[in-house]
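1. Below: sequence and its predicted model.
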Amino acid sequence: MMAGQSKSGRLRVWLIAVCLCLATAFGLGWYKYSQFRTAMAFAAAFPEPVESVEGFTARESLWQPTTRVTGEVLAIRAVIVAAEEAGAIVEVGVEPGGRVAAGQLLVRLDTSEERAELAAAKAELEIARLALMRSERLLEAKLGTAEARDEARARFDAAEAARQRIAAVIAKKSLKAPFAATAGLHELDVGQFLDRGDEVVRLIGSEGSLWVDFTLPQQDARLAEGEWVDIFPHGGDRNPVRAKVIARDSFVNRLSRNVRYRSLVDREVLGQDPGAVVTVQAPLGLPQSATLVPAPAVRRDAFGAKLFVLRPSEEGARAPERAERRDVTLGPRHGEFIVIASGLQPGERVAADGAFKLRDGVLVSATGSARGRHGGS
């Protein structure tokens, strides 16, 4: 009898414990549900945010595919003047970085020894000339022979050649500018000794034009003489300088498989000195149809490029459009526009200026059209 009562008591305790647990769980659930309803009601009291952007209708336009390569600025006329003969400098006629005229003296080397040799050669030449004249008179009087006359003429020619050789050495020791140019920086001074082949000064022609040489891969080398390229003196995408292609190399470089081109550009417009490196944008093939959007419309993250397409919002919404994130594939930049290779069709509206504020699904108020700023379709 007592065992039955003990078992019944334990069962009653368990039932009470289970009821208490259920009551506690129900109370907590009801409390959380009340909190959730309160939060929903609180959120409903605030309107959905609306972001303001500028809209742009993606447009279709002819686009010229291009490629960008590095180009080198070259002077049309440039030369490194070197010493042809050894000697000590006795006169410097050019300032470092100064302008020189054609024929202007650059450097004169000591020629005292050569001038003495030249005087001796002139004396020998005079003796040979007198001997030749005597032999000719003797031959005319039939007192000499033709052989003697020929020997005298040969000695005269040899003496003249010796004089000319020494005069040429003297001339080589007076280095002159071959054309009007600007001299490079130098450290020449009187008394300095120059050996044969030593660099004297670099001269850059003062023409109003420059060459810009660049190379294109073999498969892209379709430019012809007379076509135009854009040169960006400082890189970037702004303020290009137009240059005309004037020459194409006649062979493909066997190491790089590139073809070299040469273009002509105005020196003042380019604003660069010979030796500078510039960016050359060359056209590839014929113009193609492309979808263009303004550059601010494109956003980039770790997953790639995206933009926000503006779709009509549902009835009763606080703004006429919603933003829809769209992943796209980009082509090259085209001035202020970016080519969309895939993911967008012409005629779709996208967010341009202000797109950085958007997220997928947010309400949007397009306060204006970006056409006026970025160009019409």
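-> Arrived safely, thanks for sending.
2. who's in contact with the residue nearest in space to the middle of the chain?
-> By Cα atoms, centre = their mean, the chain has its centre lying nearest to Thr279, at 1.8 Å. Residues in contact with Thr279 (Cβ atoms under 8 Å, 6 or more residues apart in numbering) are Arg68, Val69, Thr70, Gly71, Ile231, Phe232, Gly235. Backbone N, C-alpha and C define where each C-beta goes, glycine included.
3. Could you do Val339 as well?
-> With the criterion set at Cβ under 8 Å, 6+ apart, Val339 makes contact with Trp63, Ala290, Thr291, Leu292, Leu330, Gly331, Pro332, Arg333.
4. Reformat these as a markdown table; add neighbour count.
-> A markdown table is the format used below for those (neighbours: other Cβ atoms under 10 Å):
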| residue | neighbour count |
| --- | --- |
| Trp63 | 17 |
| Ala290 | 21 |
| Thr291 | 23 |
| Leu292 | 24 |
| Leu330 | 17 |
| Gly331 | 17 |
| Pro332 | 15 |
| Arg333 | 13 |
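5. any idea which of these is closest to Cys21?
-> Leu330 (60.2 Å; Cβ to Cβ).
6. contacting residues for the closest one?
-> Val298, Ala305, Ile338, Val339, Ile340, Ala341.
7. how about the fourth one, secondary structure?
-> The assignment at Val339 comes out as strand when based on DSSP: H, G, I helix; E, B strand; the rest coil.
8. and the gap between it and Lys306?
-> Distance from Val339 to Lys306, counting by Cβ to Cβ, to the nearest Å: 15 Å.
9. repeat for the first one
-> Distance of Val298 to Lys306, given as Cβ to Cβ: 8 Å.
10. again with the fifth one
-> Applying Cβ to Cβ, one obtains 11 Å for the distance of Ile340 from Lys306.
11. so what sits against both of those two?
-> Here Ile340 and Lys306 share the contacting residues Val328, scored by Cβ under 8 Å, 6+ apart.
12. Between these two, which has more neighbouring residues?
-> Ile340 (25 against 18; other Cβ atoms under 10 Å).
13. The more buried one: what's it in contact with?
-> Ala58, Ala290, Thr291, Leu292, Val293, Leu307, Val328, Thr329, Leu330, Gly331.
14. Looking at those residues, which is nearest Leu284?
-> Gly331 (12.1 Å).
15. what helix or strand is that closest one on?
-> Per DSSP states H and E, Gly331 falls inside strand 329-334.
16. can you check Leu22 too?
-> Per DSSP H and E: helix 2-44 holds Leu22.
17. Same question for Thr182.
-> Per DSSP H and E: Thr182 is located in strand 181-183.
18. Show me what that strand is packed against.
-> strand 99-100, strand 199-205 (3 or more Cβ pairs under 8 Å, 6 or more residues apart in numbering; DSSP states H and E).
19. For it, which strands pair with it and how are they oriented?
-> strand 99-100 (antiparallel), strand 199-205 (antiparallel) (DSSP bridges).
20. Tell me which of those is the most buried.
-> Using mean count of other Cβ atoms under 10 Å, the stretch among those with the largest mean neighbour count is strand 199-205, at a mean of 19.
21. Quick check: mean pLDDT of that strand?
-> Across strand 199-205, pLDDT averages out at 93.
22. what does stretch 77-89 give?
-> Mean pLDDT, computed over stretch 77-89, is 93.
23. Figure out how far that stretch is from the centre of its chain.
-> Relative to its chain's centre, stretch 77-89 lies at 34 Å (Cα atoms, centre = their mean, to the nearest Å).
24. ok, now stretch 134-141?
-> How far stretch 134-141 lies from its chain's middle: 77 Å, per Cα atoms, centre = their mean.
25. With just CA atoms, put it into PDB.
-> Taking Å, rounded to 0.1, in the frame of the first residue of the first chain, the C-alpha atoms of stretch 134-141 are listed here in PDB:
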ATOM      1  CA  ARG A 134     111.100  73.100-114.100                       C
ATOM      2  CA  SER A 135     110.600  69.600-115.400                       C
ATOM      3  CA  GLU A 136     107.800  70.800-117.600                       C
ATOM      4  CA  ARG A 137     109.900  73.600-119.000                       C
ATOM      5  CA  LEU A 138     112.800  71.300-119.700                       C
ATOM      6  CA  LEU A 139     110.500  68.800-121.400                       C
ATOM      7  CA  GLU A 140     109.100  71.600-123.600                       C
ATOM      8  CA  ALA A 141     112.700  72.600-124.500                       C
END
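26. rewinding a little: okay, the strands paired with strand 181-183 in a markdown table with distance to Thr24 next?
-> Shown next, in a markdown table, are the strands paired with strand 181-183 (distance: least, Cβ to Cβ, whole Å):
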| stretch | distance to Thr24 |
| --- | --- |
| strand 99-100 | 99 |
| strand 199-205 | 93 |
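27. To Leu130, which of those lies closest?
-> Using Cβ to Cβ, the nearest of these to Leu130 is strand 199-205, at 41.6 Å.
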